[in-house]
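Asks: what's the 3D shape of this:
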Amino acid sequence: MLAAIAAVFGFLAPFLPEVLKLFTRAQDNRHELELMKLRMAAAAEASLHRISELNAQADIEEAKVLHQPAQSFGVQLIDAAEGKYPSWVVVPVFWLFGLLDWLNGIVRPTITFAAFGSYIAYKWARLELMQQVSDQSFQWYEGVVKLWGDQDMAMLTLVLSYWFGNRVAKYAFGWDNKR
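Replies: Presented below is the predicted three-dimensional model:
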């Protein structure tokens with residue numbers, strides 16, 4: 001029996017280094033695969049960090065552009081016409097474009113104030129109507145509470161969001177770059 005075991009062991013012994021190499025390669029491959037997964041995770045994390053940096057930089061650049069004073073077309077016209085045309089031609093055109101710049105600058109505030117004024121007038125009219133149709137014990141603060149609803153809250157949120165922007169909401173609600 002010992003001779004048979006020795007014969008089998010002698011026959012299989014030359015294959016033993018190759019079998020050990022297969023096991024070592026499998027372990028090395030598993031190790032390399034784990035390293036690749038870790039590298040990919042680190043690269044993904046670095047990408048998200050870089051995207052976050054780019055978004056922050058874009059926010060800064062946007063704020064810089066928004067806070068720059070608007071360039072008047074009339075001033076640009078005078079700069080371009082300097083020395084080329086007589087002043088009697090340039091000055092009336094400058095005043096015309098100055099007026100157009102002023103009108104362009106007041107459009108949004110005028111529309112905003114008109115819309116807000118209409119809203120206040122509507123609410124005031126409803127409050128007055130509530131006082132007229134109610135009994136003598138009606139108080140103005142009861143009317144205000146009854147007039148304020150979900151749509152009013154939506155309107156207030158809309159106005160505040162417009163004036164204070166998406167950046168504040170992003171930081172207030174914890175929105176990240178994945179959104």
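Asks: when you work out contacts or count neighbours from here on, use the C-alpha atoms and nothing else.
Replies: Will do.
Asks: for the helix or strand V90 falls within, packing partners?
Replies: Using DSSP states H and E, V90 falls within helix 87-133. On a contact count with 3 or more CA pairs under 8 Å, 6 or more residues apart in numbering; DSSP states H and E, helix 87-133 meets helix 73-81, helix 140-147.
Asks: now the first one against helix 87-133, angle please.
Replies: This means helix 73-81. 170 degrees (axes from the mean of the first three to the mean of the last three CA atoms, to 10 degrees).
Asks: and helix 73-81, which residues are buried?
Replies: For helix 73-81, a neighbour-count test (16 or more other CA atoms under 10 Å) marks 74, 78 as buried.
Asks: which residues touch it?
Replies: 90, 93-98, 101 (CA atoms under 8 Å, 6 or more residues apart in numbering).
Asks: show me how to select, in PyMOL, the buried members of these.
Replies: In PyMOL syntax, the buried subset of the contacts of helix 73-81 is picked out as below (16+ other CA under 10 Å):
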select buried, resi 90+94+97+98+101
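Asks: can you redo the contacts of helix 73-81 as CSV with pLDDT and distance to E61?
Replies: CSV is the format used below for these (pLDDT from 0 to 100; distance: CA to CA, whole Å):
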residue, pLDDT, distance to E61
V90, 75, 35
V93, 78, 34
F94, 78, 31
W95, 82, 33
L96, 84, 32
F97, 80, 29
G98, 81, 28
D101, 82, 25
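Asks: which of the contacts of helix 73-81 lies closest to I60?
Replies: Using CA to CA, D101 is the member of those that sits closest to I60, with 26.8 Å.
Asks: not counting sequence-adjacent ones, nearest residue to the closest one?
Replies: Spatial nearest neighbour of D101, chain neighbours left out: S72 (6.4 Å); criterion: CA to CA, 6 or more residues apart in numbering.
Asks: ok, the one you found touching W102?
Replies: No - counting by CA atoms under 8 Å, S72 sits too far from W102 to count as a contact (9.1 Å).
Asks: just the element for L38, please.
Replies: Assigned by DSSP H and E, L38 falls in helix 16-66.
Asks: give me the three-state assignment for F138.
Replies: coil (DSSP: H, G, I helix; E, B strand; the rest coil).
Asks: quick one: low-confidence parts of this protein?
Replies: For the chain, applying pLDDT under 70 flags the ranges 12, 166-179.
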